[in-house]
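**Q** My questions are about this predicted structure, shown below with the sequence.
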Amino acid sequence: MAARLLTRSQRHVDEIAARSLGYIACGPLRYQQLCWVNLMAFTSNYDESEDSSGWSVGLVSNIEAHSGYIFVVILRKGVSAVLKNISKYSHLRRGDFLNVKYRLNIHAPAHYRARHLVEDLKPAEPLAEVVKAHPKLILKTTAKVEKCRTREDNALLSNEHFGYFVDLSGLVRYERGTLVEFEFVTMASPRDRISSIFVPTRIIRRIENHEVDFDNSNRRSSKPRERTDDEFERDTRSSAVVYSDDEELASNTSNLRICSMDSTFEGRSSYCHEQDQDNEDNAKEERSRQELKKLRELAARMMNDAKLEMTKAISKPHIIGVAGGTASGKSLVTKKIIQRLANNDQRVISIQLDSFYKDVSAAQLEQVDLGEYDFDHPSAFDFDLLADVLERLIIGEPVEIPNYDILTNSRQGVRTVEPADVVIVEGILVFYDERIRQLCSTKLFVDADADIRLSRRVKKDTGERKRPLSVVLSHYVNKVKPAFEEFCLPTKRYADVIIPRGGENDVAIDLIVENLQDFFRSSEEDGQTNGKSPRPPVELKRSLSRPH
Ligand SMILES: Nc1ncnc2c1ncn2[C@@H]1O[C@H](COP(=O)(O)OP(=O)(O)O)[C@@H](O)[C@H]1O
Ligand SMILES: Nc1ccn([C@@H]2O[C@H](COP(=O)(O)O)[C@@H](O)[C@H]2O)c(=O)n1
């Protein structure tokens, strides 16, 4: 019976999709400090199904600049796919409607809501029309209540197609097992980076006669009426409905439903037909216990994500990037800032880019000994890991940072670092990677004369690093200096403040610290920092980089 229903359901979807519409755009809607997505659509004869060459229709639903991911809802399938390499797609905006090719991301755990990767994309024409028309497309679905709202937790609903819906606004007040029809939006989860959460925004109705007691704690004595096939289809289909203020458009589209997001229910037959049987066998009970356990775990995870998202929106740590050539005085400047901020209430930590050096292979070790390995090239660093670490600190999670041993040129275990109010990230190429740059609210570039830097570096390498002078000098001339000029120096332009003469420039350091303190004070008065920059960096830059 289930198979027959599924087939009918699929045919129904195909029929509707065939006379359905295409272009969809959306705009951001501020809600509880989070960015939601409000979908809009207009009609055309565009067939939104996947064509034979594998192109499908997708909608940019969320841009996670911090993690470097763009989420796309594949409309035909109703699944979310993730687009990496955000810098390449900086032209994309939330709401852009695209033609996409996507594939299953086999590395994503099964519970991720964005289990697909976007492989290729091209604009869907004509976007201008979208702006002209602006009727609304509202995503709606029917799902069962899996978990009721408690004081600490929000309710959770699920259906097979989308998975789980987290009721962040306390809309769902029905008991477990109830079928509810509602409108929803999608958002990205920052913690898992490639997952998105579906959030109900308006309850349309409760669907009668189908309250089901899944864990038998409140067993109903009467058997629920079995639904007819038509009722089942009506009640469990997800759809997108077009609303429009434009009369002509509305009349053209009044019968229109995009049923690209068809859904059928998990365990449907069990609650329609067998749920009420008193002689339910042990295996079945065990199954439902397992199902509940899984649901509880999922609920907890989803709730956590939602809370983390809120935390992120409310209070970010202030991230200060400190870049500059080797031995320019970055560590000294960082140390001085931390010392001067010590009297404040803020917890300040520092992270060294050096900790994110990739391990060198046995073959490369030989190059290192000869001074031929390029430690100053961007490819020597694990920027992905650094971005991940900073993102986790932003959302208030403790992180593990590798301990890098400069003597053995290798990682030696990890250290755990707790989140803080101020995170200083320091290293030669901190401003090289765009993701890291974007995460830094204040960017400092430490400047020092090249000769001075060379002399300090020679002292350091021959002293604490125990390297032969000839190797140090050839390494400097062949690798360090050219890489500084090619990769480090050009990032100076990203700096908010340039600190001439590095660590000895107490005037500059004092000004920076005063500026930060002012900023923290005014943020406390306002109640939050939200990761904003302190006062106008341009003024500071002028005053500090003026020749003395
Ligand atoms: N202004 C300065 N005057 C004297 N020595 C300095 C100054 N700035 C840094 N140093 C010394 O130079 C070396 C390199 O400085 P450091 O802060 O470690 O540079 P970086 O972190 O940029 O590599 C250290 O031994 C440090 O004590
Ligand atoms: N195993 C290593 C790792 C790095 N380096 C050099 O360190 C410099 C960066 O650190 P600073 O504290 O000087 O900014 C960089 O120039 C690398 O050449 C190394 O020599 N050996």
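**A** Happy to help now that I have it. The structure presented is a predicted model; accordingly, all values stated were derived computationally and were not measured. Numbering: from 1, shown residues only. Ligands and ions are numbered 1, 2, ... in the order given.
**Q** Then Y174 would be within a helix, right?
**A** No. The assignment for Y174 (DSSP: H, G, I helix; E, B strand; the rest coil) gives coil, which keeps it out of a helix.
**Q** how much space is there between it and R149?
**A** Here the criterion is Cβ to Cβ, to the nearest Å. By it, Y174 lies 10 Å from R149. Where you see a C-beta, it was placed from the backbone N, CA and C, and this is true even at glycine.
**Q** cool, and S53?
**A** With distances taken as Cβ to Cβ, S53 is found 46 Å from R149.
**Q** Looking at the two, which is more packed in?
**A** R149 (16 against 7; other Cβ atoms under 10 Å).
**Q** Just the pLDDT for the more buried one.
**A** The model reports R149 with a pLDDT of 76.
**Q** what sits against the residue lying closest to it once chain neighbours are set aside?
**A** Nearest residue to R149, sequence neighbours excluded (Cβ to Cβ, 6 or more residues apart in numbering): A155, at 4.3 Å. Counting by Cβ atoms under 8 Å, 6 or more residues apart in numbering, A155 touches 145, 147-149, 167, 170-173.
**Q** what about the helices in the stretch 51-200 of the chain?
**A** Taking DSSP state H, counting those that start in this stretch to define them, one finds helices in the stretch 51-200 of the chain at 127-133.
**Q** Can you show me the strands along it?
**A** 56-64, 69-74, 79-83, 97-104, 116-123, 136-147, 156-159, 163-166, 179-189, 195-207 (DSSP state E, counting those that start in this stretch).
**Q** what's the angle between the fifth one and strand 69-74?
**A** The one in question is strand 116-123. For strand 116-123 against strand 69-74, the angle by axes from the mean of the first three to the mean of the last three Cα atoms, to 10 degrees is 80 degrees.
**Q** where along the stretch 251-400 of the chain do the helices fall?
**A** For the stretch 251-400 of the chain, the helices defined by DSSP H, counting those that start in this stretch occupy 268-269, 282-314, 330-341, 362-369, 383-394.
**Q** Give me every residue in the chain lying close to ligand 2.
**A** 326-327, 330, 354, 357, 375-376, 406, 409, 428, 480 (Cβ under 6 Å from any ligand atom).
**Q** Could you rerun that using 5 Å?
**A** By Cβ under 5 Å from any ligand atom, the residues of the chain that approach ligand 2 are 326, 375-376, 406, 409, 428, 480.
**Q** List buried residues within the residues you listed.
**A** Neighbour-count burial (16 or more other Cβ atoms under 10 Å) is assigned, among the residues of the chain next to ligand 2, to 326, 375-376, 409, 428, 480.
**Q** Can you tell me which of these is nearest ligand 1?
**A** T326 (5.3 Å; Cβ to the nearest ligand atom).
**Q** What's the local residue count around the closest residue in space to the closest one that isn't next to it in sequence?
**A** Once flanking residues are discounted, T326 sits nearest to R457: 5.4 Å by Cβ to Cβ, 6+ apart. Taking other Cβ under 10 Å as the neighbour definition, R457 ends up with a count of 21.
**Q** cool, and S379?
**A** 8.
**Q** now do D449
**A** 13.
**Q** quick one: it and L489, what's the gap?
**A** For D449, the distance to L489 - Cβ to Cβ - is 13 Å.
**Q** what does K336 give?
**A** 23 Å.
**Q** Neighbour count for the two, which is higher?
**A** K336 (20 against 15).
**Q** now that one, nearest residue through space, not along the chain?
**A** I509 (4.9 Å).
**Q** how about that neighbour, what does it touch?
**A** Shown in contact with I509 (Cβ under 8 Å, 6+ apart): 333, 336-337, 340, 499, 503.
**Q** Surely R457 is in contact with G325?
**A** No. Assessed by Cβ atoms under 8 Å, R457 is found out of contact with G325, at 9.0 Å.
**Q** partners of the spatially closest residue to E426 that is not a sequence neighbour in the sheet?
**A** Of all residues not flanking E426 in the chain, V322 sits nearest, at 4.1 Å (Cβ to Cβ, 6+ apart). Here V322 sits in beta bridges with E426, L444, going by DSSP bridges.
**Q** if I look at V322, how far off is E366?
**A** V322 sits at a distance of 33 Å from E366 (criterion: Cβ to Cβ).
**Q** Next: R501.
**A** Going from R501 to E366 by Cβ to Cβ gives 38 Å.
**Q** More neighbours: which of the two?
**A** Each of R501 and E366 has its neighbours counted (other Cβ under 10 Å); R501 has more, 17 against 12.
**Q** The more buried one against D447, yeah?
**A** Yes. If you go by Cβ under 8 Å, R501 and D447 touch, sitting 7.2 Å apart.
**Q** Flag the shaky bits of the stretch 101-250 of the chain, pLDDT-wise.
**A** For the stretch 101-250 of the chain, the stretches flagged by pLDDT under 70 are 108-114, 124-140, 151-152, 159-163, 185-197, 208-250.
**Q** For the residue of the stretch 351-500 of the chain found nearest ligand 1, give me its contacts.
**A** The nearest approach of the stretch 351-500 of the chain to ligand 1 comes at R456, 4.0 Å away (Cβ to the nearest ligand atom). Going by Cβ under 8 Å, 6+ apart, R456 touches A327.
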